[in-house]
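Asker: The following block contains a protein sequence and its predicted model.
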Amino acid sequence: MTALWIAHVTVTDAEAYGRYAKLAGPAITAHGGVFLARGGRYVQLEGNDRARNVVARFPSVEAAVACYNSPDYQEALSHAQGAAVRDLVVVEESA
């Protein structure tokens, strides 16, 4: 089953977060991730508002988690730490 990687982000340091984004995109696509949404228009209906929302589809939950734990993505993530407040969840898609 495919899975969605859903991130809600408030960027606090645009320069450092830019370095994260430059490295994270290739790491995600290298692990089979396909971006469905990156930023863009949104409407917050409930919960905490985060100005940046990203959705990527992966072949499976395991592939998404493997991407997150990969050296490539962890290198990218080191630039996001302290540069953003993030929530990230991986959800298996329904059949």
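Answerer: Now that the structure is in, tell me what you want to look at.
Asker: what's the burial count for residue 74?
Answerer: 12 (other Cβ atoms under 10 Å). For glycine as for every other residue, the C-beta is placed from the backbone atoms N, C-alpha and C.
Asker: And it, which helix or strand is it part of?
Answerer: Using DSSP states H and E, residue 74 sits within helix 71-80.
Asker: Now find how far off-centre that helix is within its chain.
Answerer: Put simply, helix 71-80 sits 11 Å off its chain's centre (Cα atoms, centre = their mean, to the nearest Å).
Asker: what do you get for stretch 10-30?
Answerer: Put simply, stretch 10-30 sits 9 Å off its chain's centre (Cα atoms, centre = their mean).
Asker: cool, stretch 2-16 as well?
Answerer: 5 Å.
Asker: same deal with stretch 82-89?
Answerer: For stretch 82-89, the distance to the chain centre is 9 Å (Cα atoms, centre = their mean).
Asker: Likewise for stretch 30-44?
Answerer: Centre to centre, stretch against its chain (Cα atoms, centre = their mean), the figure for stretch 30-44 is 8 Å.
Asker: which residues make contact with that stretch from outside it?
Answerer: 4-5, 25, 28-29, 52-59, 63-64, 66-67, 70, 72-73 (Cβ atoms under 8 Å, 6 or more residues apart in numbering).
Asker: Give the buried subset of those residues as a ChimeraX selection command.
Answerer: Buried subset of the contacts of stretch 30-44, written as a ChimeraX selection, criterion 16 or more other Cβ atoms under 10 Å:
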select :4,5,25,28,52,53,54,56,57,58,63,64,67,73
